[in-house]
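> here is my input; please provide its structure:
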Amino acid sequence: MNNIVFMKAKAYTLRICLLLLTLMGCKEQPETVNHTLSANEHIHAFFTSELAHSISALDSISTLNSVSDKIEAYKKARYHFKTVEPILAFADQSNYKSLNAPNILQVDEEDATDIKIRSPFGFQAIEELLHEDHLDASLIDQTVAMTSSRLKLIKGNTLINFKDYHIIWLIRNQIIRIATTGITGFDSPVLGQSLSESQYAYKTLMYLVDLYKENFSSEAVFHNLQTAFEAAIAALQHDFDSFDRYNFIRNHTDKQLKLLLDIQEDWTVAFPFEMAVSNVATSLFGTNTINGFYFTDYKSDTLNLKAKAAFGKLLFNDKLLSKDNTMACATCHIKEKAFTDGVKIAPGQTRNSPTLTYASYQQSFFMDGRSGSLEGQVVGVAENHDEFNLSMDSIAGRVLKHPEYKLLMAELYHNKRVDYNVRHAIASYIRTLNGFDSKFDNNINGLEHTLTQEEKEGFNLFMGKAVCATCHFPPLFNGTVPPNYNDTEMELLGVPEQNDTIHAVISKDLGRYNVFKTHQKKYFFKTPTVRNIEKTAPYMHNGVYETLEDVVDFYNRGGGQGIGIVEDYQTLPFDHLQLTKEEQESIVAFMKTLTDAEFKKNDL
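As a prediction, this is how the structure comes out:
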């Protein structure tokens, strides 16, 4: 059961119909409510009405004979699902994620004794099944029935009872969802309806804001936000491939985020805490847009944090932490190389050294996701026989024998958890390695005007036709999914052992499989950040590609599948991208704009 217990009810008179939306000849409108209801009652009525329409359309699919009629029924069901998306995604994150998941096998690995493997269901799965060359009617009916049943469960067990600050969170989340996954085609793999569906969501936001009109003391603040939503809807009336995502984010997403601050002030909203996105975010690519503390379990260790990070920097660069005093963290994570080492695989290692920049913005660590925190990752390095080869107790003992470190430990950490304190200090330093001041950041935030047309086009391709952003989500450009940032995705790309497109053989590294021996997770690796990628060659978990051009060519061919590697669970969205040479060059040019200023200094 999904109970969200929020806000005392205020009385509102309904001022508009529950969205005058139409889709492909679908003229349905929710019933107009003429009597006075609270805002939450209106939202609940709208929520259940849209779900009912979606359920009805889904249930009709199995009764229809022609494929075209089934697809039209699916579109109608999806229309209502996407219309209610802002509310459902906020009120019930887990069910929304399941219903909107990609059409790939779902594997949940809590621990070695709790591994759940589920066949895909939901809207993406139905969409792809309906567009197969040879339809599997039984599988379609089964998938539709599962999706409909889940919607019925949600409809009957969700209590809408929002407080004012929940409405702000809901709106902010949807604005960011549209900019980071909506306009990228993340969840419309065949029909490519992302831009239209983003319009539906914006109209729902307009409806919600109108319900809360009496909250506004300033009519201008109310009007400005509604006008901004209308302008975004107009801008989204565009074809997918040529849509200018760069200017949409600059001119619409960021403007809306700024206007939300006006609402917060106008409503005198007090937030009880921050979630992943800052309560004062003013731009998608802002320095403080993403709340770094959201990604750590050690939120209480914030006292003297700058000093702790400085202490961690000393430890990070000290070979004292390794058994034979020959290795430090900085040995494989060299600052000038954006905290990588510039080689395919370092001696004694099994994988390419990933960048530590922006590493803190994840929910799992190491390339196979075997650690749940940066502090845990430090333990993994310490106890690895090919790395530090020391227990954390032994490292703690060495630290306490070092006069300066012993003094810092006493000053900064008033407890006896020395091994934890060492880990926390190093992790605190790593959490500072996030510049958000690249050429791209500065341009999209209006601080510079130096992006070339080729670089802008590269961003638009990255976010659109090339579908890079369906795995590397902005603004972090890693696999941590916005706007809730609860999950860091892993993918099976089919990376080859050698840079060979003729006789390709998949890399022998089994990736995530090695953690729990789950067969369906063979060759899965975590999606890394693209930030600072210009400095982090060679690429992939095995360093197989020396240049970004090689990487883009690999994806353009369709990953491993495009070079003859056949794996049942490959997760790339298309067989091939059909990018021209010029388009590939533009994408590379864009990625090179993501280098932080700190690392650009070395080029001067």
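> alpha carbons only for contacts and neighbour counts from here, please
OK.
> low pLDDT regions in the stretch 351-500 of the chain?
Judged against pLDDT under 70, the stretch 351-500 of the chain has no low-scoring part.
> and with 80 instead?
415 (pLDDT under 80).
> how about the helices of it, start to end?
374-383, 392-401, 403-412, 418-430, 439-444, 453-463 (DSSP state H, counting those that start in this stretch).
> reformat those as JSON lines; add mean neighbour count and distance to residue 261.
Output for the helices of the stretch 351-500 of the chain, formatted as JSON lines (neighbours: other C-alpha atoms under 10 Å; distance: least, C-alpha to C-alpha, whole Å):
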{"stretch": "helix 374-383", "mean neighbour count": "20", "distance to residue 261": "32"}
{"stretch": "helix 392-401", "mean neighbour count": "17", "distance to residue 261": "45"}
{"stretch": "helix 403-412", "mean neighbour count": "14", "distance to residue 261": "36"}
{"stretch": "helix 418-430", "mean neighbour count": "22", "distance to residue 261": "30"}
{"stretch": "helix 439-444", "mean neighbour count": "21", "distance to residue 261": "20"}
{"stretch": "helix 453-463", "mean neighbour count": "22", "distance to residue 261": "27"}
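> and residue 283, which of those helices is closest to it?
helix 439-444 (9.1 Å; C-alpha to C-alpha).
> report the contact partners of the closest residue to residue 509 other than its chain neighbours.
Closest residue in space to residue 509, ignoring its immediate chain neighbours: residue 523 at 6.7 Å, by C-alpha to C-alpha, 6 or more residues apart in numbering. Applying C-alpha atoms under 8 Å, 6 or more residues apart in numbering, we find residue 523 in contact with 492-494, 507, 509-513.
> how's this structure carved up into domains?
Here the domain assignment for the chain is 2-166+189-218, 294-430, 452-603, based on automatic domain parsing.
> all strands of the stretch 451-600 of the chain, in order?
Secondary structure of the stretch 451-600 of the chain (DSSP state E, counting those that start in this stretch): strands located at 490-491, 525-526.
> rank the domains of the chain by pLDDT, which is bottom?
If you rank the domains of the chain by mean pLDDT, domain 2-166+189-218 sits at the bottom with a mean of 84.
> run the chain-centre distance for that domain.
Offset of domain 2-166+189-218 from its chain centre (C-alpha atoms, centre = their mean, to the nearest Å): 20 Å.
> got it, and stretch 322-332?
33 Å.
> may I see the buried residues of it?
322-323, 327-332 (16 or more other C-alpha atoms under 10 Å).
> before we move on, back to that, tell me which of the domains of the chain lies nearest to residue 441.
The nearest among those, by C-alpha to C-alpha, is domain 452-603 at 7.5 Å.
> hmm, back to that, closest to residue 533 among the buried residues of stretch 322-332?
residue 332 (16.2 Å).
> quick check: phi and psi at the nearest residue to residue 433 once chain neighbours are set aside.
Take residue 433 and drop its neighbours on the chain: the residue closest to it by C-alpha to C-alpha, 6+ apart is residue 357, 4.9 Å away. The phi/psi pair for residue 357 (degrees, to the nearest 10) reads phi -70, psi 130.
> same deal with residue 108?
In terms of degrees, to the nearest 10, the main-chain angles of residue 108 are phi -110, psi 120.
> check contacts around the residue nearest to residue 328 when sequence neighbours are not counted.
Of all residues not flanking residue 328 in the chain, residue 319 sits nearest, at 4.3 Å (C-alpha to C-alpha, 6+ apart). Applying C-alpha under 8 Å, 6+ apart, we find residue 319 in contact with 325-329.
> element containing residue 117, please.
Taking DSSP states H and E as the criterion, the element that holds residue 117 is strand 114-118.
> tell me the bridge partners for residue 115.
Per DSSP bridges, the residues bridged to residue 115 are residue 109.
> got a list of what it touches?
107-109.
> going by distance to residue 586, which of those residues wins?
Lowest distance from residue 586 to these (C-alpha to C-alpha) belongs to residue 107, with 35.5 Å.
> ok so that closest one is a helix residue?
No - under the criterion used here (DSSP: H, G, I helix; E, B strand; the rest coil), residue 107 is strand, not part of a helix.
> what's the burial count for the nearest residue to it once chain neighbours are set aside?
Ranked by C-alpha to C-alpha, 6+ apart and with sequence neighbours excluded, the top spatial neighbour of residue 107 is residue 117, at 4.6 Å. Neighbour count of residue 117, defined by other C-alpha atoms under 10 Å: 12.
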